[in-house]
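>>> fold the following for me, if possible:
(chains A, B, C and D)
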There are 4 protein chains.
Amino acid sequence: MATDSGDPSRRMLAADVASNALGIELLDVEPGAATATMTVTPTMINGHGIAHGGYLFLLADTVFACAANSHGPVAVASGAEVSFVAPAREGDALVAVAAERTRYGRNGIYDVTVHRETPEGRVVVLEYRGRSRTVER
Amino acid sequence: MATDSGDPSRRMLAADVASNALGIELLDVEPGAATATMTVTPTMINGHGIAHGGYLFLLADTVFACAANSHGPVAVASGAEVSFVAPAREGDALVAVAAERTRYGRNGIYDVTVHRETPEGRVVVLEYRGRSRTVER
Amino acid sequence: MATDSGDPSRRMLAADVASNALGIELLDVEPGAATATMTVTPTMINGHGIAHGGYLFLLADTVFACAANSHGPVAVASGAEVSFVAPAREGDALVAVAAERTRYGRNGIYDVTVHRETPEGRVVVLEYRGRSRTVER
Amino acid sequence: MATDSGDPSRRMLAADVASNALGIELLDVEPGAATATMTVTPTMINGHGIAHGGYLFLLADTVFACAANSHGPVAVASGAEVSFVAPAREGDALVAVAAERTRYGRNGIYDVTVHRETPEGRVVVLEYRGRSRTVER
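Here you go, the predicted model:
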């Protein structure tokens, strides 16, 4: 039986109650990369009538964790920087794509872009850069 | 009848379905400052068995929005930088305190610390710095 | 006579006394991208005996400005996030490569990687993400 | 003879060729805090006719290092987030004040504000948040 390189990430996500409860689905995971989707539900809407930035961040953070844990050793987020590029609205199907930028020692840097598809093309919603650190179990 | 300086923030939070659904409660709001609480529920737990960073961020983001909107003009988050300092666990009562650092033009910078109280004192969980921009309605 | 798309950036850099005094050289500029080099001099060394992070940041900031100003309208830095990946030492020839990540309204996000070449391959020294804003003259 | 709590920082800064060459002066250092000044010189000016952001960052980074190393163990910068609040011009006497926000494990977070004094009061030039990590010698 072949070992899938994304197995550690898939196991982690299967145990991620928070991400599963929000309907986040992992579309793809490879060493250092991952793609996931989430649809904006009515309970994700903030006081300005748009998706709460916390949920956009959460989606990015989950796909970042999948990419960072794809190598095997358990990696946790130590921090992140995020720019809110465009609002997302109820019903929007968001796609988050994580790509590894660099790894050094126990550290990693991963870039995540959250976008939505429109008839006119992709609209970027959020740009996220996450910092990971591998931990000893 | 006196106007409460925190009125714009309270109105915004009253309409914030996402924050209300998570049980976030505003304890205090003053010009440029706000305090809120949230208790970590079972559906906030991630694949490492701790509170998902997205929910910690969401709490910080909500209290930041309350502080940034306390002045009246509608302010939205343009970005944030966050460091995950310590894990939070199911049942933890988290407190988020936002303080304005500086405002310039239509921009503002707000620092938020999320902590929990323990018998030994406060444990910092998250340090967040948010960037706001006022918008014309 | 053909107009070079990098002209606005080249004019800006020609007037940049700071970058010129440090020997920063622009190798290439295209719409949304730029590459520059700088060699670490003795006066760039800090109290730990390595290149001061401020000079690594400065190199990244200059190449970011070249990429952000390549489109014509004057763009200024509104902020940046940086991770120090590896130390640089006196005599190191550093290369900084800037690439546009996204633009929206008057905002832009640019990623810069500073590296040095070694017989074993590229060593990343710094990862920088800059935020720009176009201004009216 | 009493031991000054700022001794490790003062020794580090005395060996910091880069900061000394730029005329950076340490005004005060205490555990977790430091204050320094720098005057903007002609060779610090960029292509927009204002102080290059790299030099503003460098000043903040030096005072951050003084605060982070005030505790004794050698601490290095692992990263930083910065917002450029207002321009600085040739001849401006800048003051940078660093304050510790939190420490956890080998990590520290320090906030630095760079400002200049005017007859109308302080003008904030830069807000910087630095991340430190202690290293074994």
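>>> need the pLDDT of A:G6.
Looking at A:G6, its pLDDT reads 75.
>>> not counting sequence-adjacent ones, nearest residue to it?
Leaving aside its sequence neighbours, A:G6 sits nearest to A:V29 (C-beta to C-beta, 6 or more residues apart in numbering or on different chains; 3.4 Å). All C-beta spots, glycine's among them, are computed from the backbone N, C-alpha and C.
>>> and that neighbour, bridged to which residues?
A:A34 (DSSP bridges).
>>> that one: neighbouring residues, count only.
The local packing of A:V29 (other C-beta atoms under 10 Å in any protein chain shown) involves 24 other residues.
>>> what of the one 5 residues further on?
By other C-beta under 10 Å, 30 other residues sit near A:A34.
>>> for it, list the residues it contacts.
Counting by C-beta atoms under 8 Å, 6 or more residues apart in numbering or on different chains, A:A34 makes contact with A:G6, A:S9, A:L26, A:D28, A:V63, A:F64, A:C66, A:A67, A:S70, A:V97, A:A98.
>>> which PyMOL command selects the buried ones in those residues?
Buried residues within those, by 16 or more other C-beta atoms under 10 Å in any protein chain shown, are selected in PyMOL with:
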select buried, chain A and resi 6+9+26+63+64+66+67+70+97+98
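>>> export the contacts of A:A34 to a markdown table and tack on secondary structure?
What follows is the contacts of A:A34, written out as a markdown table (DSSP: H, G, I helix; E, B strand; the rest coil):
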| residue | secondary structure |
| --- | --- |
| A:G6 | coil |
| A:S9 | helix |
| A:L26 | strand |
| A:D28 | strand |
| A:V63 | helix |
| A:F64 | helix |
| A:C66 | helix |
| A:A67 | helix |
| A:S70 | coil |
| A:V97 | strand |
| A:A98 | strand |
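>>> of the contacts of A:A34, just say which sits nearest to C:A75.
Checking the contacts of A:A34 against C:A75 by C-beta to C-beta gives A:V97 as the nearest, at 26.0 Å.
>>> list the buried residues in the helix-or-strand element of chain A with minimal mean pLDDT.
Of all helical and strand segments in chain A, the minimum by mean pLDDT, DSSP states H and E falls on helix A:7-14, at a mean of 93. Going by neighbour count (16+ other C-beta under 10 Å), the buried part of helix A:7-14 is A:P8, A:S9, A:R10, A:M12, A:L13.
>>> quick one: list the elements packing against the very next helix or strand once past that helix.
Note on helix A:7-14: by DSSP states H and E, the next helix or strand toward the C-terminus is helix A:17-21. Under the contact criterion of 3 or more C-beta pairs under 8 Å, 6 or more residues apart in numbering or on different chains; DSSP states H and E, helix A:17-21 touches helix A:7-14, helix A:53-68.
>>> show me which residues of chain A sit near chain B.
Chain A comes close to chain B at residues A:11-19, A:21, A:42-49, A:52-55, A:57-59, A:61-62, A:65, A:74, A:76-84, as judged by C-beta under 8 Å from any C-beta of the partner chain.
>>> of those residues, select the buried ones using a ChimeraX command.
Buried subset of those, written as a ChimeraX selection, criterion 16+ other C-beta under 10 Å:
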select /A:12,13,16,17,18,19,44,45,46,47,48,52,53,54,55,57,58,59,61,62,65,74,76,77,78,79,80,81,82,83,84
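>>> columns distance to B:E120 on top of the helices and strands packed on helix A:17-21, output as TSV?
TSV is the format used below for these (distance: least, C-beta to C-beta, whole Å):
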stretch	distance to B:E120
helix A:7-14	31
helix A:53-68	29
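>>> next one: the strand ranked longest in chain A to chain centre, how far?
Among the segments of chain A that qualify as a strand by DSSP state E, the longest is strand A:121-134. Here strand A:121-134 is found 7 Å from its chain centre; the criterion is C-alpha atoms, centre = their mean, to the nearest Å.
>>> what number of residues lie near A:T37?
That count, for A:T37 with other C-beta under 10 Å as the rule, works out to 17.
>>> that one reaches A:A93, doesn't it?
Yes: contact criterion C-beta atoms under 8 Å: A:T37 and A:A93 qualify, at 6.2 Å.
>>> list the contacts of A:A67.
Contacts of A:A67 (C-beta under 8 Å, 6+ apart): A:S9, A:V29, A:G32, A:A33, A:A34, A:A98, A:A99, A:E100, A:Y110.
>>> gap between A:V63 and A:L94?
Distance of A:V63 to A:L94, computed by C-beta to C-beta, to the nearest Å: 10 Å.
>>> I meant A:A60, not that one.
Taking C-beta to C-beta as the measure, A:A60 falls 9 Å from A:L94.
>>> more neighbours, those two?
For A:A60 and A:L94, the more surrounded residue by other C-beta under 10 Å is A:A60, and the numbers stand at 32 against 22.
>>> how far is the least confident helix or strand of chain A from where the chain is centred?
With C-alpha atoms, centre = their mean, you get 13 Å for helix A:7-14.
>>> again with stretch A:119-135
Computed by C-alpha atoms, centre = their mean, the chain-centroid distance of stretch A:119-135 equals 7 Å.
>>> one more: stretch A:65-80?
On C-alpha atoms, centre = their mean, the centre of stretch A:65-80 falls 11 Å from the chain's centre.
>>> what's the answer for stretch A:16-31, then?
From the chain centre to the centre of stretch A:16-31 is a distance of 8 Å (C-alpha atoms, centre = their mean).
>>> would you confirm that A:A68 contacts A:A75?
Yes: counting by C-beta under 8 Å, A:A68 does reach A:A75; the two are 4.0 Å apart.
>>> what do these two both touch?
Counting by C-beta under 8 Å, 6+ apart, the shared contacts of A:A68 and A:A75 are A:G108, A:S132.
>>> on that earlier part again, who touches the least confident helix or strand of chain A?
Under the criterion C-beta under 8 Å, 6+ apart, residues A:4, A:19-20, A:24, A:26, A:29, A:34, A:62, A:65-67, A:69-72, A:74, B:47-48 lie in contact with helix A:7-14.
>>> distance of the spatially closest residue to A:L58 that is not a sequence neighbour from A:A68?
Spatial nearest neighbour of A:L58, chain neighbours left out: B:G54 (2.4 Å); criterion: C-beta to C-beta, 6+ apart. The spacing between B:G54 and A:A68, counted by C-beta to C-beta, is 15 Å.
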